[in-house]
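Visitor: I'd like to go over a predicted model; first the sequence, then the structure.
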Amino acid sequence: MNIAKGLIGAALLAAAAQGAQAATLDVVRQRGAVACGTTTGFAGFSAPDAQGKWQGLDVDLCRAIAAAVFGDADKIKVVPLNSQQRFTALQSGEVDVLTRNTTVTQQRDTALGIIHAGINFYDGQGFLVPKSLGVKSAKEINGATICLQTGTSNENTLADWARANHVSYKPVVIETFNEVVNAFAAGRCDVFSTDASGLASIRISKLQNPDDYVVLPEIISKEPLGPFVRQGDDAWLNIVRWSLSAMIEAEEYGVSSANVDEQTKSANPNIKRILGVTPGGGANLGLDEKWAYNIVKQVGNYGESFERNVGQGSPLKIKRGLNAQWTQGGLMYALPIR
Ligand SMILES: N[C@@H](CCC(=O)N[C@@H](CS)C(=O)NCC(=O)O)C(=O)O
């Protein structure tokens, strides 16, 4: 170990001994990688590909943070977590950030010592059923058994909706993703309920004959999904928040991985600030001025990531919908980099 590293290590230990939390950015730099909590394998959002490399919209967000911090999107450490494990892993410092289909709720933002750093996918809870059930609408699922995963917001949301709509059901709640999906595939429950993105992913990637299943038209909740960090480290919160925002803003200004070098010559002052041609934004975050340039160059803008992982370039074929830019009738509205 060289002296500088030793000194940093000693400083971190001292901070820990005093009960103070070490700055996450220092911990990340010391480790040489951003530790991201993902799902255990959820195609399109966070799942290993055939080569074992983690891919997905949420993995891209992790890679974007690494590109911003290190100038190298590959400097990530993926920590797969099921729904139940995720918050403890963040609280304990096992991960630096949750980049994993986590709904932002008032309770999670206040009572768990964690806080959201943006929204990277606007979703809503829905229902997946086998076509053989002959059900066309959620109103017809009275008396059904419904599979859900432990530790999700889906349990309470479903209970609220069922009560309000005078629907009775029997919950089958299972802790691990594969087991709950297998239970559904084996017919141990009639219905699977989770975020619509999850249902699209399960239908395409986990069920033998996707065409035998249908997602019902009703969406029963708002599920704004986004990254979470620990409370009390605003500098790190800013790095995560602005890494995501940079991806969204790059799309708004038409800056992509394909044209980013060309765009460094742009006369548009907004683009000049995003790409660090006009300096300041990087220094404000304690990062290199090329932080956002590196994100776009190595990971792409939000639209590229969306289409590649969950949109038209992927098996999921999810439409932009609420996740379109605000200029296109969607809710993606980047905070300005200036
Ligand atoms: N957005 C909801 C649900 C997210 C969630 O955890 N969904 C499950 C069911 S699709 C999941 O992603 N499981 C993957 C895993 O545990 O690895 C929440 O934040 O509670």
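Guide: Yes, it's here. Residues are numbered from 1 along each chain as shown.
Visitor: from now on I want contacts and neighbour counts done on CA atoms only, so please keep to that.
Guide: Will do.
Visitor: now residue 54, nearest residue through space, not along the chain?
Guide: Leaving aside its chain neighbours, residue 54 sits nearest to residue 48 (4.0 Å; criterion: Cα to Cα, 6 or more residues apart in numbering).
Visitor: then residue 319?
Guide: If the residues on either side of it in the chain are set aside, residue 319 comes closest to residue 311, at 6.1 Å by Cα to Cα, 6+ apart.
Visitor: again with residue 288
Guide: Using Cα to Cα, 6+ apart and skipping the chain neighbours, the partner closest in space to residue 288 is residue 282 (5.1 Å).
Visitor: quick check: phi and psi at that neighbour.
Guide: The phi and psi values for residue 282, taken as degrees, to the nearest 10, are phi -70, psi -50.
Visitor: now whatever helix or strand residue 241 lives in - C-alpha only, CSV.
Guide: For residue 241, the element it lies in under DSSP states H and E is helix 234-252. As requested, C-alpha coordinates have been extracted for helix 234-252 and formatted as CSV (Å, rounded to 0.1, in the frame of the first residue of the first chain):
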residue,chain,number,x,y,z
ASP,A,234,-25.2,15.9,0.1
ALA,A,235,-22.1,15.9,-2.0
TRP,A,236,-22.7,12.3,-3.0
LEU,A,237,-26.5,12.9,-3.4
ASN,A,238,-25.5,15.6,-5.9
ILE,A,239,-23.2,13.4,-7.9
VAL,A,240,-25.9,10.8,-8.3
ARG,A,241,-28.7,13.3,-9.0
TRP,A,242,-26.7,15.3,-11.5
SER,A,243,-25.3,12.2,-13.3
LEU,A,244,-28.9,11.1,-14.0
SER,A,245,-29.9,14.6,-14.9
ALA,A,246,-27.0,15.0,-17.3
MET,A,247,-28.2,11.9,-19.2
ILE,A,248,-31.7,13.4,-19.5
GLU,A,249,-30.4,16.9,-20.4
ALA,A,250,-28.0,15.5,-23.0
GLU,A,251,-31.0,13.9,-24.8
GLU,A,252,-33.0,17.1,-24.6
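Visitor: what residues sit buried inside it?
Guide: Of the residues in helix 234-252, those buried by neighbour count under the rule 16 or more other Cα atoms under 10 Å are 236-252.
Visitor: over the helix or strand that that helix is followed by, what's the mean pLDDT, rounded is fine.
Guide: Counting by DSSP H and E, the element after helix 234-252 in chain order, helix or strand, is helix 260-263. In this model, helix 260-263 has a mean pLDDT of 98.
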